[in-house]
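Participant: Provided below are the primary sequence and the corresponding predicted coordinates.
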Amino acid sequence: MSKRVTVLMGGASAERDVSLRSGAAAAKALEQAGFEVALVDCGRNPAELVRAISETKPDVVFNALHGRFGEDGCVQGVLDLLGVPYTHSGLLASAAAMDKAFARALFQAAGIPVAEGKVISRAQMADPDPLPRPFVVKPINEGSSVGVFVVKDNQPSPISAWPFDAEEVLVESFIPGRELTVAVMGNRALGVLEITSDHGFYDYEAKYAPGGSRHIMPAPIPEADYAEACRLAVAAHKALGCRGVSRADLRYDDTDPGQPPRLVMLEVNTQPGMTGTSLVPEMAAYQGISFPDLVRWMVEEARCD
């Protein structure tokens with residue numbers, strides 16, 4: 001008898017559309033893998049979520065939610081209380097990874113290089129630049145590069161017009177060079193992929209719009225640096241306490257011919273996308289792991305805390 005899998009998707013975050021696509025793609029792959037699948041479009045009402053999950057009677061929940069509520073520990077806590085095993089990371093790792101400032105501190109404690117940065121308050125946004133330009137401004141608790149922008153030379157700073165309601169933001173030095181990403185499956189890196197985009201950096205549109213970015217797998221970097229990127233991704237996965245599948249985003253600065261290249265950890269995504277343009281399925285395929293085999297493994301590894 002096949003396992004019943006309920007796919008949680010949609011949600012109310014800024015990444016709702018991407019989550020709907022991830023959920024639909026994952027559900028199709030799960031059916032191909034032989035599972036009985038139900039889809040649940042989640043809102044912010046936990047009572048409705050509990051009712052929907054109870055009605056579908058899942059053996060496992062496949063969490064295809066992105067952004068707030070879905071990957072910040074909230075849904076994970078509900079599923080823990082229900083005692084239903086679920087894919088991806090648990091409550092603590094999910095919350096830690098979603099809080100970019102806290103994740104930075106964990107990376108630094110683990111010896112993982114990060115960009116110079118700090119958290120500033122809304123009141124400080126109107127002050128002179130918090131860091132030398134160019135620098136990056138990020139919401140502390142958003143994913144998929146939502147709200148991320150680069151403040152470059154010779155342009156007015158948009159910090160004072162910050163569109164989010166958060167009282168604090170994270171600012172980091174902009175790291176020049178190349179965009180790399182590493183999928184981690186369990187405690188194994190699946191390889192390093194380079195992302196190129198005409199957008200200048202891997203923003204929301206570059207991530208999800210058709211043709212928004214180009215992927216090079218494996219990344220054309222020296223073997224030693226490739227291995228180090230894999231090591232750092234696994235180290236970050238462990239530092240946060242992740243389980244299942246995660247994806248680490250790094251910058252590879254090889255712009256100064258007088259200095260050796262350097263790798264800098266940007267963040268770890270505990271709920272990587274599962275859309276037609278998503279990176280983890282592409283890296284898994286490079287290792288000979290089909291999409292149905294990938295989601296089957298994720299379901300088999302599912303648990304609750």
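Facilitator: Looks like it came in fine.
Participant: which outside residues touch the strand or helix carrying F102?
Facilitator: Here F102, judged by DSSP states H and E, is contained in helix 100-109. Identification of contacts with helix 100-109 by Cβ atoms under 8 Å, 6 or more residues apart in numbering yields 96-97, 113-114, 117, 119, 138-141, 168, 170, 236, 239-240, 265, 267-268. Placement of C-beta: from N, CA and C, glycine included.
Participant: C-terminal to it, what's the next element?
Facilitator: In the C-terminal direction, the helix or strand that comes right after helix 100-109 (DSSP H and E) is strand 117-121.
Participant: what's the first helix or strand after that following strand?
Facilitator: Scanning forward in sequence from strand 117-121 by DSSP H and E, the next helix or strand is strand 135-139.
Participant: can you list the strands that that next one pairs with?
Facilitator: In the sheet containing strand 135-139, the strands it pairs with under DSSP bridges are strand 149-151 (antiparallel), strand 168-173 (antiparallel).
Participant: tell me which residues in the longest one are buried?
Facilitator: By 16 or more other Cβ atoms under 10 Å, the buried positions in strand 168-173 come out as V169, L170, V171, E172, S173.
Participant: hmm, the fourth one is touching G117, no?
Facilitator: Yes. When contacts are counted by Cβ atoms under 8 Å, E172 is listed as touching G117 (3.5 Å).
Participant: can you get me the start-to-end distance on stretch 233-248?
Facilitator: Using Cα to Cα, to the nearest Å, one end of stretch 233-248 lies 5 Å from the other.
Participant: buried ones in that stretch?
Facilitator: In terms of neighbour count (16+ other Cβ under 10 Å), stretch 233-248 has its buried residues at 233-237, 239-248.
Participant: now, which of those residues lie within strands?
Facilitator: Here DSSP state E is the test, and the buried residues of stretch 233-248 give V245, S246, R247, A248 as lying in strands.
Participant: and the furthest pair within these?
Facilitator: Of all pairs drawn from those, the widest gap by Cβ to Cβ lies between V245 and A248 and measures 11.3 Å.
Participant: overlap of the contact sets of these two?
Facilitator: With contacts defined as Cβ under 8 Å, 6+ apart, the residues shared by V245 and A248 are V184.
Participant: right, and the helix or strand after the least confident helix or strand in the chain by mean pLDDT?
Facilitator: In the chain, the helix or strand scored least confidently by mean pLDDT, DSSP states H and E is helix 204-208, which has a mean of 47. Beyond helix 204-208 in the direction of the C-terminus, DSSP H and E gives the next helix or strand as strand 214-216.
Participant: got a list of contacts for that next one?
Facilitator: Counting by Cβ under 8 Å, 6+ apart, the neighbours of strand 214-216 from elsewhere in the structure are L193, E194, I195, T196, S197, L279, E282.
Participant: tell me which residue is most central in the protein.
Facilitator: Centrality entry for the chain: nearest residue to the mean C-alpha point is N269, 2.2 Å, by Cα atoms, centre = their mean.
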